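**Q** What follows is a predicted structure for the sequence shown.
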Protein chains: 2
Amino acid sequence: MVRLRLDLGYDGTDFSGWARQPERRTVQGEIELALGKILRIEPPELTVAGRTDAGVHARGQVAHVDVTLEALSTLTRRTSASPDSSGEMGLGVDEWLSALLRRMAGVLGPDVRIYRVSVAPEGFDARFSALSRRYAYRVSDAPGGVDPLRRHEVIWHNRPLALDALNAAAVHLLGEHDFAAFCKKREGATTIRELQRLDWVREPSGILVATVVADAFCHSMVRALVGSLLAAGDGRRPVEWPGEVLSRAVRDSGVHVAPAHGLCLEEVTYPAPEHLATRAHSTRRLRTL
Amino acid sequence: MVRLRLDLGYDGTDFSGWARQPERRTVQGEIELALGKILRIEPPELTVAGRTDAGVHARGQVAHVDVTLEALSTLTRRTSASPDSSGEMGLGVDEWLSALLRRMAGVLGPDVRIYRVSVAPEGFDARFSALSRRYAYRVSDAPGGVDPLRRHEVIWHNRPLALDALNAAAVHLLGEHDFAAFCKKREGATTIRELQRLDWVREPSGILVATVVADAFCHSMVRALVGSLLAAGDGRRPVEWPGEVLSRAVRDSGVHVAPAHGLCLEEVTYPAPEHLATRAHSTRRLRTL
């Protein structure tokens, strides 16, 4: 068996999220089916860094999948135009992966793309080895509306937003906290997270972009954080309000979860290869405590 | 009557181009209908800077329309929540235009947005006063395919492109030439144009962007120029080839017109207000010679 790392992106608009569900079009489901079809095996199971919700996008998603070398090798024999005299190609894993990448581009719909397929280093686990996830949330407060070419990934906020208020409010959310106020409660799961970065910039286009980095996020956390900040940014709430909500550590009905389509998983970071297995081990232990 | 300047953008995917046609969804048709509906008048006729083809996008399109002050003023009376004691609002043109902008955002589909409505300066004509049009053409040569979130405005080129070859080839097309080799012939119309800028950059995302500026373009010219450059950029043709095609001044069947959806009208420039009428006059004279 060989473990493959897939780096990929998708437009979440027409997907019922990442996670495979019967009768629904999901990113996981589509990629697993494509791998099964191309490698002529039962669809293999993917493990992903960030299980995104319905409508959420990704540019820097990472997943892994375990396949046999035999399945990979048959792919190149079938797609090669000129086998050598023995009827076999003298090709290595790199050529197999390059062929797999091209085949995936042909089989998958244009709303999901695999950018890179590589052999994962020893100890790599797309989910448990990850050090941090970086998300972006994009908002336009232009009176006329959102640039039509970006409307699938930018929400329209129908009130002017003050960049300094957004950032002043965000500061109070940084660091390690119990984010219960911004999370959907799940039995037996901790809501303690370390928010490493949360800040806003206004791009030259006028679009406001929040960058949100944490070791991990609980369900709907980024969209709830953004929803609370938008209320501070347009003056409906004081800039201290998101911090106050956080400190109460209970869900607040005043926080509106921001729409899914403004959210995009931009990057997942991993430790150096020699620390992958240690990181995966400690993450698993933390999550099950 | 007052002449209004509209600054607007659209995703051309679901439009049969700019120009109004019976039974087709066009940008001009949709905006004219929206203006008629909002101002409660017969749909007024728009004049545009760049009549884009089916599938072509715009971020910096400019149009003008002539409407009566009376039609504008009724709009504010109807949309205002609190008329003053006389039953009339003591509002000026700025408030009417702001109300019009908000109404347009509500009536138009999300694939076309009006960014600004302003009273045009004396002598302004969206088409004939324009000094230059700037287009962008976007191409991805990534082996895995195009970022799904940008797939509506970026074409996929399934061969690696060399930035230096693209730019070396582009140099030979600059300046004033008869672009007959890259234009659809029209009886009685000149194909002489001044290509002021044509160069390529590779964005951090890896996407290649051509910037193309001319006083005006003839039909399908930008897409034919780009098609010839892509052949030089991926090595199918020598970098001198696009220049040779140009110098022959006849349509060349070896030039493949690049797909519409990579093209976007980014900006239209106009002279200072005092030169608007002179510019419109001289452009009209040139076009009819």
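**A** Thanks, I have the structure now.
**Q** Spell out which residues of the stretch 151-289 of chain A are next to chain B.
**A** A:151-153, A:264 (Cβ under 8 Å from any Cβ of the partner chain). Yep, even glycine has a C-beta here, placed from its N, CA and C like the rest.
**Q** Assign a three-state SS to the residue nearest to A:Ala126 when sequence neighbours are not counted, would you?
**A** Spatial nearest neighbour of A:Ala126, excluding adjacent residues (Cβ to Cβ, 6 or more residues apart in numbering or on different chains): A:His64 at 4.2 Å. Three-state assignment for A:His64 (DSSP: H, G, I helix; E, B strand; the rest coil): strand.
**Q** Hmm, A:Leu35 and A:His64 touching each other?
**A** No: under the criterion of Cβ atoms under 8 Å, A:His64 is not in contact with A:Leu35, lying 11.8 Å apart.
**Q** sorry, back to before: what's the distance between the residue nearest to A:Ala126 and A:Asp125?
**A** 7 Å (Cβ to Cβ, to the nearest Å).
**Q** what's A:Pro121 sitting at in phi/psi?
**A** phi -70, psi 160 (degrees, to the nearest 10).
**Q** ok, now A:Glu70?
**A** Here A:Glu70 shows phi and psi, under degrees, to the nearest 10, equal to phi -60, psi -50.
**Q** What score does it have for pLDDT?
**A** We note a pLDDT of 90 for A:Glu70 in this prediction.
**Q** do the same with the one 10 residues further on
**A** For A:Ser80, the model assigns a pLDDT of 48.
**Q** again with A:Phe182
**A** Value listed for A:Phe182 in the pLDDT field: 94.
**Q** A:His64 and A:Leu35: who's more crowded?
**A** More crowded of A:His64 and A:Leu35, by other Cβ atoms under 10 Å in any protein chain shown: A:Leu35, with 26 against 19.
**Q** Which of the residues of the stretch 151-289 of chain A next to chain B fall in strands?
**A** The members of these that map onto strands under DSSP state E are A:Cys264.
**Q** mind giving me a markdown table with the residues of the stretch 151-289 of chain A next to chain B and columns for distance to A:Asp53?
**A** Shown next, in a markdown table, are those (distance: Cβ to Cβ, whole Å):
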| residue | distance to A:Asp53 |
| --- | --- |
| A:Arg151 | 19 |
| A:His152 | 15 |
| A:Glu153 | 14 |
| A:Cys264 | 12 |
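**Q** Can you lay out the residues of the stretch 151-289 of chain A next to chain B as CSV showing neighbour count and pLDDT?
**A** As requested, these are exported to CSV (neighbours: other Cβ atoms under 10 Å in any protein chain shown; pLDDT from 0 to 100):
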residue, neighbour count, pLDDT
A:Arg151, 17, 96
A:His152, 22, 97
A:Glu153, 24, 97
A:Cys264, 25, 98
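**Q** which among the residues of the stretch 151-289 of chain A next to chain B gets closest to B:Tyr10?
**A** A:Arg151 (10.6 Å; Cβ to Cβ).
**Q** same for the host helix or strand of A:Ala169, what does it pack against?
**A** Assigned by DSSP states H and E, A:Ala169 falls within helix A:163-171. Packing partners of helix A:163-171 (3 or more Cβ pairs under 8 Å, 6 or more residues apart in numbering or on different chains; DSSP states H and E): strand A:192-202, strand A:208-214, helix A:221-233, helix A:241-248.
**Q** between the longest one and helix A:163-171, what angle do the directions make?
**A** If you take axes from the mean of the first three to the mean of the last three Cα atoms, to 10 degrees, helix A:221-233 sits at 130 degrees to helix A:163-171.
**Q** Next: the second one.
**A** For the pair strand A:208-214 and helix A:163-171, the angle between their directions (the same axes, to 10 degrees) equals 10 degrees.
**Q** Neighbouring strands - and their directions - for strand A:208-214?
**A** Applying DSSP bridges, strand A:208-214 is found paired with strand A:132-140 (antiparallel), strand A:192-202 (antiparallel).
**Q** quick one: A:Asp141 and A:His157 touch, right?
**A** Yes: at 4.8 Å, A:Asp141 and A:His157 qualify as touching, with contact defined as Cβ under 8 Å.
**Q** Beta-bridge partners for A:Val213, please?
**A** A:Arg134, A:Arg197.
**Q** looking at it, it is touching A:Ala136, isn't it?
**A** No: taking contacts as Cβ under 8 Å, A:Val213 lies outside contact range of A:Ala136: 10.2 Å.
**Q** Give me the common contacts of A:His64 and A:Asp125.
**A** Contact criterion Cβ atoms under 8 Å, 6 or more residues apart in numbering or on different chains; residues shared by A:His64 and A:Asp125: A:Thr47.
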